[in-house]
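pasting the structure only:
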């Protein structure tokens, strides 16, 4: 199955469906990432604060999947502001790679520190240690501050997202700035038993979780579901064999009005 991707720059594309690793640690993290790679995922999301970069790196190394076929994201914790190079070096060692594809500021650091951190991000991208840079949990105004101060706009903003949080204006504001929206916790923010989702799922012979994931893909919003279950990991990846109609997309969009 070929997962569609969104361009981040002239030479880099980000798969719209990735595998998230938040709250998965130790051997469970290793097994989950191996299962994801075996299922066909080619986008893995981790972070320094997740405490699982070494397991992600080992799983990638043992998988046999060539490094250039896997998009890897990791993140700088806000408390590591001022230690950008050391933190990224640690991540690269743990992940067993020379560079990551995307490095994010995980949360805005304390007031007034975002711009200095972002300047270091730009420098480390120029040094070749990450191919793209972005942010997570930022408001559009925060993104504008970074772009105004440095001339470099974050490629991605990873935010809590799902059908009940659908906001066409927010997505448009990001896209007008050239920022890709990436959503996390797609199921935590969604009632998978909602009749609108179960009806659509039944019509396509899939489960509601896959309707939610397919909805993200058709909106071109990157999504990173997570699971420790090998069967669920594989099922979540199986989203290319059906397509939601315009009416079905509108019905899922409408969940935001009922939250």
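Looks like it arrived, so ask away. Given the structure is predicted, the values throughout are model-derived calculations rather than measurements.

wait, what's in contact with residue 248?
200, 203 (Cβ atoms under 8 Å, 6 or more residues apart in numbering). Any C-beta I mention is one placed from the backbone N, CA and C, and that applies to glycine too.

Under a three-state scheme, what state does residue 188 occupy?
coil (DSSP: H, G, I helix; E, B strand; the rest coil).

check contacts around it.
residue 162.

how far away is it from residue 49?
For residue 188, the distance to residue 49 equals 18 Å [Cβ to Cβ, to the nearest Å].

ditto for residue 63
24 Å.

ok, now residue 87?
In terms of Cβ to Cβ, residue 87 sits 10 Å off from residue 49.

try residue 172
Counting by Cβ to Cβ, the gap from residue 172 to residue 49 is 30 Å.

same thing with residue 98?
22 Å.

more neighbours, the two?
Neighbour tally, residue 98 and residue 49, criterion other Cβ atoms under 10 Å: the higher count belongs to residue 49, 17 against 9.

which ones are touching the residue lying closest to that one once chain neighbours are set aside?
Spatial nearest neighbour of residue 49, chain neighbours left out: residue 77 (4.7 Å); criterion: Cβ to Cβ, 6 or more residues apart in numbering. Shown in contact with residue 77 (Cβ under 8 Å, 6+ apart): 47-49, 87, 106-107.

Farthest pair within these?
87 and 107 (13.9 Å; Cβ to Cβ).

which of those two has more neighbours?
Of the pair residue 87 and residue 107, residue 87 is the one with more neighbours under other Cβ under 10 Å, namely 20 against 15.

what about residue 206, how many neighbours?
So residue 206, with other Cβ under 10 Å, has 18 neighbours.

tell me the contacts of the nearest residue to it once chain neighbours are set aside?
Nearest non-adjacent residue to residue 206, counting by Cβ to Cβ, 6+ apart: residue 242, 6.3 Å away. With contact taken as Cβ under 8 Å, 6+ apart, residue 242 is in contact with 204-206, 214.

try 10 Å
Listed by Cβ atoms under 10 Å, 6 or more residues apart in numbering, the contact set of residue 242 reads 200-201, 203-206, 210-211, 214.

Okay, now the unreliable bits of the protein?
10, 259 (pLDDT under 70).

quick one: contacts for the residue sitting furthest away from the middle of it?
For the chain, the largest distance from the centre (Cα atoms, centre = their mean) belongs to residue 203, which lies 28.2 Å off. By Cβ under 10 Å, 6+ apart, residue 203 lies in contact with 211, 242, 244-245, 248.
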